[in-house]
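Q: Would you be able to build a 3D model of this:
(chains A, B, C and D, ligands or ions: 4)
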Amino acid sequence: MSQMNMIQALNSAMDVMMARDPGVVLMGEDVGYFGGVFRATEGLQRKYGEHRVLDSPIAEGGIVATAIGMSLNGLRPVAEIQFADYIYPAYDQIVSELARIRYRSGGDFCAPVTIRTPCGGGIRGGQTHSQSPEAIFAHVSGLKVVMPSNPYDAKGLLIAAIEEDDPVIFLEPKRLYNGPFDGDPNKPAVGWNSHPRGEVPEGHYRVDLGVADIVRPGAQLTIITYGTMVHVCMAAAEKAGVDAEVIDLRSFVPLDIETIVNSVKKTGRCIVAHEATRFGGFGGEILSTIQEECFWHLEAPILRVAGWDTPYPHAFEWEYFPGQARVIAAIKATMEAS
Amino acid sequence: MSQMNMIQALNSAMDVMMARDPGVVLMGEDVGYFGGVFRATEGLQRKYGEHRVLDSPIAEGGIVATAIGMSLNGLRPVAEIQFADYIYPAYDQIVSELARIRYRSGGDFCAPVTIRTPCGGGIRGGQTHSQSPEAIFAHVSGLKVVMPSNPYDAKGLLIAAIEEDDPVIFLEPKRLYNGPFDGDPNKPAVGWNSHPRGEVPEGHYRVDLGVADIVRPGAQLTIITYGTMVHVCMAAAEKAGVDAEVIDLRSFVPLDIETIVNSVKKTGRCIVAHEATRFGGFGGEILSTIQEECFWHLEAPILRVAGWDTPYPHAFEWEYFPGQARVIAAIKATMEAS
Amino acid sequence: MMRSRLHVPRPPARPGEKPDFSYVALSPAGAAARPDPNAPLNDTEFLSRDLVRVLDDKHRAVGPWDPHLAAADLELGLRHMLLTRVFDDRMHRAQRQGKITFYIKSTGEEAVSVAANMAMRPTDMLFPSYRNQGLQIARGRNIVDLMCQLLSNTRDMCKGRQLPVMYHSVEGNMFSISGNLATQFPQAVGWAMASAIKGEDHIAATWLGDGSTAEADFHYALLFAQIYKAPVILNVVNNQWAISTFQTFAGGEGRSFASRGPGYGMPGIRVDGNDFLAVYAVTQWAAERARMGAGPTLIEHVTYRAAPHSTSDDPSRYRPKDDYEHWPLGDPIDRLKSHLIALGEWSDEREQTLLKQCEDQVNQAWREAVTYGTLTDGPQLDPETMFQDVFKEQTPSLARQRMQLAQEIKERQLKERA
Amino acid sequence: MMRSRLHVPRPPARPGEKPDFSYVALSPAGAAARPDPNAPLNDTEFLSRDLVRVLDDKHRAVGPWDPHLAAADLELGLRHMLLTRVFDDRMHRAQRQGKITFYIKSTGEEAVSVAANMAMRPTDMLFPSYRNQGLQIARGRNIVDLMCQLLSNTRDMCKGRQLPVMYHSVEGNMFSISGNLATQFPQAVGWAMASAIKGEDHIAATWLGDGSTAEADFHYALLFAQIYKAPVILNVVNNQWAISTFQTFAGGEGRSFASRGPGYGMPGIRVDGNDFLAVYAVTQWAAERARMGAGPTLIEHVTYRAAPHSTSDDPSRYRPKDDYEHWPLGDPIDRLKSHLIALGEWSDEREQTLLKQCEDQVNQAWREAVTYGTLTDGPQLDPETMFQDVFKEQTPSLARQRMQLAQEIKERQLKERA
Ligand SMILES: Cc1ncc(C[n+]2csc(CCOP(=O)(O)OP(=O)(O)O)c2C)c(N)n1
Ligand SMILES: Cc1ncc(C[n+]2csc(CCOP(=O)(O)OP(=O)(O)O)c2C)c(N)n1
Ligand SMILES: [Mg+2]
Ligand SMILES: [Mg+2]
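A: Ligands and ions are numbered 1, 2, ... in the order given. Predicted coordinates for the structure are as follows:
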């Protein structure tokens, strides 16, 4: 066990896997000599050589395409896309190829590629450094899609993702790299060292894909969320003074329907919260599943708390971000509904 | 008025607009001399010249990017992507540029581009000629997204789309090009000539974006659908013998929430049906909105009828396609629920 | 409207007009020099403008590119090309008879696949396009297997998921063909990079059409291949047409597709794609280059799409009916045959026997293939297989959908019985 | 692990190592010939390997590319370059002081923007990258407007939506800068195609970095521009680095970026990007070519990123600290100054006056700009503007969200007061 922030945990996951499996290679823009703009691959090129930690041209589509080719030749590439906002040039190779190779070849070929990319807001990144694109990947059959909310899960999930024989889109809430963030920009930033999930084993361990985590048990209300919003919702639940159960989804695909459904059947009230644009966001899938499975248990409409249906504006970081106030308003509305 | 199939109606819409506005230009793969693989642009290059109906290289990303550039210089490009399954190489230019230009420039620039593309299954096209990607566009703020279900709407909506100063993704259910299709592949194909919506005015008229159409009024149950599934749901409602109200959405963005909500408040029961993969599909957005707005009116869980969470397989066209049986099963379940 | 200054590249002839191939730059057979595969880029640059040809008008093999193949190899090549053509014709008919939903012929382009494969090792990995059936045949695939894919039947390697012609073979080292153009190009580069990273000397080769070079993946492939000096052969099959679109709409007007190579720093070779010996020779050159670690090669095969684009296409709508008869580079099978005859290694009897053998093989294979089912008759794939291979293990929600479908089918069958 | 055969292109020097620019191919000033802008491709191809230079070591303008600019124009160019540099330095400081969130300097690359703009018409449309502030300044933008964008304040042309430096100007014919690399390249081609379709003789010009040439949009731009002979100038600013990544990782190892041009059939020109006169001359040549309908030109500006990539970057982590001091092409401002001095058109006094003028102008502008607000102090943009311009008209659901936010803010303010 040792204290790690999320960057160190991710770095440790790649280090552990590269040591265990010579087939694991890293690639991406500035990931090699420089160690990545967020330092996630720092030191790994020095340790494993230029041939296993590749600096790539600025061509996201080419990075994913060549990663696919490498995976077909026995390697396990972990490709970093510098920001999730820049993953779209690779969308065709991800949707038409990466997600489909096993299926269209009748199971004869597979492409064990992990794509890591920083997502989400809260860092004044403006509209092209703040996006949360989980919905456009979760809808694509053949992709596994995950998002950790703390260093422990980040390392365990990344190891599990690299060990997967299916492709995994690994979304990293960049606002959480250096510490948990409860949505209040005026509070001094805190690090992970004071957080239980900042305690991370040095060696190999897995956090399996498809398993949600009940980060706060409760009986009155279920809050389903992921990424940065996990911490915002925890704080909001405290402030609202309701006995809320907070579920950290961790995986979008596979989705841990059982944990969600059991909780809502218990509480009868539910909120779904995410940073991404509300319209057509992943919240709709969660809400729909609950409505279908728990309809007769619902005592109030399930509400969605999300980013607005606009791009993420530079000047209005905290007006756009679904902070505690927006969550608390939804909690109140849900608790009062009847 | 004259009889048109959907291809003729689309062709007529472009013809009418090119005659009215010298700024309207067409571009796409095989759209010029050849008139398009589905013949939608037939005769238009001969009529308006090679400089207003451009054959394009096979580069969807380049087609959309240059269309954007043309639109910034006073033209109104209508770009055809040969199949919706091939639109992904253009996804970055659509999401990062087309959808964002007005917003990021504070309203100073805009890109009035219409992107037409055939979508959906039912033609034995296999996994790369059958996709329905509406959800990955509807989630992107800044895009308007529509899908007609008959020749009359196709022409009126396309004219309205070309006249829009916002970008429009115009999805065409290719199975409906030559006639309505009720989901039964064993019945002999019928043409549009016997269908009231095959009656199309020769001249200019608009079907405004953002207005859903109640294609079958009813009191017991609301079925919300679009594209090919409109005809499948109509037939299924008949067979099931319920007094179902069938709503043809026509537009995803803007979404006609009022029509949806009024209907469900009236019926208290609802089904959402589409061809696209169920998980993370647009059905989730419709269902969520209804659940939020009509919760207290719901007498049964809203059910989704959709394509399975797999790619669209060549051999199993009719096992994948959400045909009447799947719709009827949902209708029964919804009506019996209590 | 106002006088437009936009340039619109036209094909030389449209329906009703006289075929005109004066735009095709030709070099006499044997004229082009053969630099060392490791030569500096400047010394190979002429290859992107000349046309490498080995067979001359008298059907003799001439010049430095003559690979001096044994007669047995030439005959094998002829057999594979002929078998490919017979297969194509038979499957095209099968589509017309409604036995399969779709088909794509490679008529006139057989050498591009068959000769290239002969110049590589069976352990080299191939990333084909949908018009490279010659590769499948030259690598000795069982024709029955190919037909089962076309039929989406119970023995279909794709389990009924892909359109016809989208074959693959793990044992044959041939990657799954994609319906999305050009995607295989940078994937082949990645495969080759992995081979280099692992220190193995297997190489990769990939093919796409002239029209497909417009896609981003063509650019990514050339870029990554040259940056990391990947051991890969990048083949552009310039058959002059992309469905109805002439190759000038892919940028073939001013410069050859081969000359994209030098722009990225790699050799580009323009070769007579209907000259079996020339295709073999340039592929051998590129393979040697790749294996010695000198990096990738871009090869433009100048050929002609004699057939319709696919069974959904009617070329008479956009090009002269008799275009192919005027194609200056002839037919790859006739030319290799004439060469064998010039060598005294061939005769009409042998020709007839070979043709008969191919036809029998194909017909027999077809008779067997249909016993495994067609889309409409005979044994059928279990629809529940639809839910396999989305992931390595079926997720619970996919299993639930599988059961829902099973129920749907059960009820349908009950209804049908009633 | 096993012996890898993968080629990994390295920069010549990393931190602690001795700077080494021997890889930069230089030609003497005046050496390169100047073909007619309408010359056939073969006659211009040498330009993609040579380096067009006008200013020689004695600071004289020599050779066929000398544009013979009037002293007044040279002085104007110097003023714009100096103003750009002073502006950059001041805004960089503002970021360090926490007044703005982010900034990107163009130090050492001023000529690439300022000289190019001077060789075009104000009615020509520009599609800049984030490192072309010289274009904004040379086109006479009010510096206060630029600062208001950097401050995301009440006068921000972007209404607070974009990161700093993402300017645009409708009146100035400068398109909105994107945070996504290279997207503007094919957009400029489309703009130029429209100009040709309308029969107008406005041309377009666009800029991107060496690293950005790896993106698909670079390929699309060259391809479409050449196919339709669009009147566009495609500028690659090769400042040797893409954040920490050396230009060889974008394919600059074997061949120049300019040589991509001939591969697509268009001229590619390699120019000394720190030579004001050379940049002016090649841009003028390309503009003439475009306007006469001869088609596009690719220009590679060889320069050096003297500054960090952005205020988030620390170059000492990946390149020698003293790299820039050894850069063989010097500094564009010093070189133009020395030229003016050589012409007897400049003096230290005038230099001091000019510098003072620029500094005063920038400081005064800053004092005014902040009165319109900063992210933290002064007048603030109304958050409800966030919901404008998603569409031309606000949809009902956006209006509902706007009201929801208004409520959220009202309650926050009530709490804050309490
Ligand atoms: C990404 C993508 N865009 C468009 C298509 C539709 N399409 C299929 S084949 C074809 C023409 C390809 O021409 P070419 O690359 O020259 O190959 P050829 O058919 O001549 O062998 C097109 C446009 C596709 N399959 N994929
Ligand atoms: C599509 C995309 N990918 C990655 C990035 C992140 N990024 C911003 S600038 C940059 C380096 C660009 O280098 P270059 O093109 O040489 O331009 P320069 O900064 O040197 O002027 C990168 C990788 C981005 N903005 N957009
Ligand atoms: Mg072709
Ligand atoms: Mg650079």
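Q: show me what contacts residue 86?
A: No chain was given, so I picked chain A. Contact analysis of A:Tyr86 by Cβ atoms under 8 Å, 6 or more residues apart in numbering or on different chains lists A:Glu60, A:Thr128, D:Asn180, D:Leu181. C-beta here means a position set from N, CA and C on the backbone, and glycine is covered the same way.
Q: that's the wrong chain, I wanted chain C
A: Counted by Cβ under 8 Å, 6+ apart, C:Val86 has contacts C:Leu355, C:Cys358, C:Glu359, C:Val362.
Q: Now the first one. Nearest residue, chain neighbours left out?
A: In space, C:Leu355 comes closest to C:Leu82 once its chain neighbours are excluded; the distance is 6.6 Å by Cβ to Cβ, 6 or more residues apart in numbering or on different chains.
Q: The host helix or strand of that neighbour and ligand 1, are they touching?
A: If you go by DSSP states H and E, C:Leu82 is part of helix C:71-96. No - on the criterion Cβ under 6 Å from any ligand atom, helix C:71-96 is out of touch with ligand 1, staying 13.1 Å away.
Q: gap between A:Val25 and chain B?
A: The gap separating A:Val25 from chain B is 25 Å, by Cβ to the nearest Cβ, to the nearest Å.
Q: Check the secondary structure at that residue for me.
A: strand (DSSP: H, G, I helix; E, B strand; the rest coil).
Q: and it, how many neighbours?
A: 24 (other Cβ atoms under 10 Å in any protein chain shown).
Q: Without its sequence neighbours, what residue ends up closest to it?
A: Per Cβ to Cβ, 6+ apart, closest to A:Val25 is A:Arg52, 4.8 Å.
Q: Likewise for C:Gly172?
A: Nearest one to C:Gly172, counting by Cβ to Cβ, 6+ apart, is C:Arg139 at 4.8 Å.
Q: Per-residue pLDDT of the residue of chain C at minimum distance from ligand 1, please?
A: Using Cβ to the nearest ligand atom, C:Gly209 is the residue of chain C that sits closest to ligand 1, at 2.1 Å. C:Gly209 is assigned a predicted lDDT (pLDDT) of 98.
Q: Would you confirm that it contacts C:Ile243?
A: No - taking contacts as Cβ atoms under 8 Å, C:Gly209 lies outside contact range of C:Ile243: 9.9 Å.
Q: Okay, the closest residue to ligand 2 within the stretch 1-150 of chain A and B:Gly125: tell me how far apart.
A: The nearest approach of the stretch 1-150 of chain A to ligand 2 comes at A:Tyr86, 3.7 Å away (Cβ to the nearest ligand atom). Remark: distance between A:Tyr86 and B:Gly125 (Cβ to Cβ, to the nearest Å) = 31 Å.
Q: what about C:Gln407, neighbour count?
A: Count around C:Gln407 with other Cβ under 10 Å applied: 12.
Q: ok, and the closest non-adjacent residue to it?
A: B:Ala329 (8.0 Å).
Q: for that neighbour, what are its contacts?
A: By Cβ under 8 Å, 6+ apart, the neighbours of B:Ala329 are C:Gln407, C:Glu408, C:Glu411.
Q: State the helix or strand in which it lies.
A: Assigned by DSSP H and E, B:Ala329 falls in helix B:324-336.
Q: Let me see the mean pLDDT of that helix.
A: Here the average pLDDT along helix B:324-336 is 97.
Q: Pull out the buried positions in that helix.
A: B:Gln324, B:Ala325, B:Arg326, B:Val327, B:Ile328, B:Ala329, B:Ala330, B:Ile331, B:Thr334, B:Met335 (16 or more other Cβ atoms under 10 Å in any protein chain shown).
Q: and of those residues, the nearest to D:Gly30?
A: Lowest distance from D:Gly30 to the buried residues of helix B:324-336 (Cβ to Cβ) belongs to B:Arg326, with 77.1 Å.
Q: what separates that closest one from B:Trp318, distance-wise?
A: For B:Arg326 relative to B:Trp318 (Cβ to Cβ), the value is 11 Å.
Q: Output the contacts of A:Tyr86 as a markdown table; include the columns secondary structure and neighbour count.
A: A markdown table is the format used below for these (DSSP: H, G, I helix; E, B strand; the rest coil; neighbours: other Cβ atoms under 10 Å in any protein chain shown):
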| residue | secondary structure | neighbour count |
| --- | --- | --- |
| A:Glu60 | helix | 31 |
| A:Thr128 | helix | 21 |
| D:Asn180 | coil | 21 |
| D:Leu181 | coil | 24 |
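Q: near chain B, which of these show up?
A: Residues of these in contact with chain B (Cβ under 8 Å from any Cβ of the partner chain): A:Thr128, D:Asn180.
Q: For the contacts of A:Tyr86, which two are the farthest from each other?
A: Among these, A:Glu60 and A:Thr128 lie farthest apart (Cβ to Cβ), at 13.4 Å.
Q: ok, C:Tyr23 - contacts?
A: Counted by Cβ under 8 Å, 6+ apart, C:Tyr23 has contacts C:Pro12.
Q: on that earlier part again, for the helix holding B:Ala329, C-alpha coordinates in CSV please.
A: Taking Å, rounded to 0.1, in the frame of the first residue of the first chain, the C-alpha atoms of helix B:324-336 are listed here in CSV:
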residue,chain,number,x,y,z
GLN,B,324,-44.4,-6.3,-35.8
ALA,B,325,-44.1,-9.3,-33.5
ARG,B,326,-41.7,-7.4,-31.2
VAL,B,327,-43.9,-4.3,-31.2
ILE,B,328,-47.1,-6.3,-30.5
ALA,B,329,-45.4,-8.1,-27.6
ALA,B,330,-44.6,-4.7,-26.1
ILE,B,331,-48.1,-3.4,-26.8
LYS,B,332,-49.5,-6.5,-25.0
ALA,B,333,-47.1,-6.1,-22.1
THR,B,334,-47.9,-2.4,-21.7
MET,B,335,-51.7,-2.9,-21.9
GLU,B,336,-51.7,-5.8,-19.5
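Q: What about whichever residue of chain C sits closest to ligand 2, how many residues nearby?
A: As assessed by Cβ to the nearest ligand atom, ligand 2 sits closest to C:Ala216 within chain C, at 12.4 Å. When neighbours are counted by other Cβ under 10 Å, C:Ala216 registers 32.
Q: I figured it was touching A:Val64, is that so?
A: No - taking contacts as Cβ under 8 Å, C:Ala216 lies outside contact range of A:Val64: 11.5 Å.
Q: circling back: now do the residue of chain C closest to ligand 2, the pLDDT please.
A: 98.
Q: What of the one 10 residues further on?
A: According to the per-residue confidence, C:Gln226 scores 98 in pLDDT.
Q: residue contacts, it?
A: C:Tyr264, C:Gly265, C:Met266, C:Gly295, C:Pro296, D:Gly251, D:Glu253, D:Gly254.
Q: Confirm that it sits in a helix.
A: Yes - counting by three-state DSSP, C:Gln226 is located in a helix.
Q: Now do the helices in chain C.
A: C:41-44, C:71-96, C:110-118, C:133-138, C:143-151, C:184-197, C:216-227, C:260-264, C:276-291, C:332-342, C:348-371, C:396-417 (DSSP state H).
Q: Just the mean pLDDT for the fourth one, thanks.
A: In this model, helix C:133-138 carries a mean pLDDT of 98.
Q: ok now that helix, how far from the chain's centre?
A: 8 Å (Cα atoms, centre = their mean, to the nearest Å).
Q: Quick one: residues in contact with it.
A: C:80-81, C:83-84, C:87-88, C:106, C:109-114, C:116-118, C:126, C:128, C:143, C:146, C:165, C:167, C:169, C:172, C:174, C:207.
Q: Any stretches of chain C with poor pLDDT?
A: Residues of chain C that meet the criterion pLDDT under 70 lie in C:1-2.
Q: Residue of it nearest ligand 3, please.
A: Per Cβ to the ion, the residue of chain C with the smallest distance to ligand 3 is C:Gly209, at 3.6 Å.
Q: OK, contacts around that residue?
A: Here C:Gly209 is in contact with C:Ser129, C:Arg131, C:Leu181, C:Val236, C:Val237, C:Asn238, C:Asn239, C:Ala242 (criterion: Cβ under 8 Å, 6+ apart).
Q: Fine by me, thanks again.
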